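Undergrad: Let me see the structure of the following:
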Amino acid sequence: MAETDTKTPRERYRTQVRAEIKEHAWEQIATTGASALSLNAIAKQMGMSGPALYRYYDGRDALITELIRDAYRSLADTLRSASAAGADLAVLAHTLRAWALEDPQRYLLIYGTPVPGYHAPDEITLISSETMAMLLDACMALPSDSPVTPFDAHLADHRDWADGHPAPPAVLHGALRFWTRLHGVLSLELAGHFTGMGFDPALLFAAELDDLLAH
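TA: Numbers count the residues shown, from 1 in each chain. Model (predicted):
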């Protein structure tokens, strides 16, 4: 049975305009970067006045928050679909890379250089923690006989970032190793730092992943 759309024509129009604003915002970010995002420029592109556009978003930060929320939600949903299909840690890692390559600007908005003057609300942190929870779940399935390190002991008392996940400190440490090394490779690749170096970034990513899985 088809789902009934209970929105009024005004609400549907508002949803459509907000989506169009976001499309223009992504185009602007791809051209000039998120720090130069301008609602007035978007309004001009859409044939609207600046004040009229502010009826849809309170300001630049509200629009950036919406874009970041969409990006994190997309990533979390993508990883959850892979996880539900029985994906192991290696598959999740390659799923992350495929998602990043599909839309580099979306990836760089949430994992690249912070936007000057912008501070994400707590709700964004909650969405981003979903991806970490899936990473921790995958790491829990790995065999671990690594000796306890001083950092592991440190994590036992500083695990707020794990949002209450019951993983032991050694697993938390392992998840952070995956998180930092794989995002490091991805961030450098998407920012163009490997251009002209003569090697395949996909092979570097795979090599880093294999090394992490072996240790």
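Undergrad: Geometrically speaking, which residue is the centre of the chain?
TA: Residue closest to the mean C-alpha point of the chain, counted by C-alpha atoms, centre = their mean, is Y72 at 4.4 Å.
Undergrad: My guess is that residue contacts S128. True?
TA: Yes: when contacts are counted by C-beta atoms under 8 Å, Y72 is listed as touching S128 (5.2 Å). In this view, the C-beta of every residue, glycine as well, is placed from N, C-alpha and C.
Undergrad: Next, show the common contact partners of the two.
TA: Taking C-beta atoms under 8 Å, 6 or more residues apart in numbering as the criterion, Y72 and S128 both touch I110.
Undergrad: how far away is the nearest residue in space to the residue nearest to the centre of the chain that is not next to it in sequence from F194?
TA: Distances taken as C-beta to C-beta, 6 or more residues apart in numbering place I127 nearest to Y72, at 4.3 Å, with adjacent residues excluded. I127 sits at a distance of 29 Å from F194 (criterion: C-beta to C-beta, to the nearest Å).
Undergrad: the more surrounded of those two?
TA: For I127 versus F194, the count of surrounding residues by other C-beta atoms under 10 Å is larger for I127: 18 against 15.
Undergrad: Got the domain ranges for the protein?
TA: 1-57, 67-214 (automatic domain parsing).
Undergrad: Please identify the most buried of those.
TA: domain 67-214 (a mean of 15; mean count of other C-beta atoms under 10 Å).
Undergrad: Could you tell me the end-to-end distance of that domain?
TA: The first and last residues of domain 67-214 sit 36 Å apart, counting by C-alpha to C-alpha, to the nearest Å.
Undergrad: Throw the domains of the chain into JSON lines and include mean pLDDT, thanks.
TA: Shown next, in JSON lines, are the domains of the chain (pLDDT from 0 to 100):
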{"stretch": "domain 1-57", "mean pLDDT": "88"}
{"stretch": "domain 67-214", "mean pLDDT": "90"}
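Undergrad: follow-up on the earlier one: please report how far the residue nearest to Y72 lies from H119.
TA: Using C-beta to C-beta, we find I127 at a distance of 16 Å from H119.
Undergrad: Check H183 too.
TA: H183 is 21 Å from H119, where distance means C-beta to C-beta.
Undergrad: Now H173: closest residue in space, sequence neighbours ignored.
TA: Once flanking residues are discounted, H173 sits nearest to D152: 5.1 Å by C-beta to C-beta, 6+ apart.
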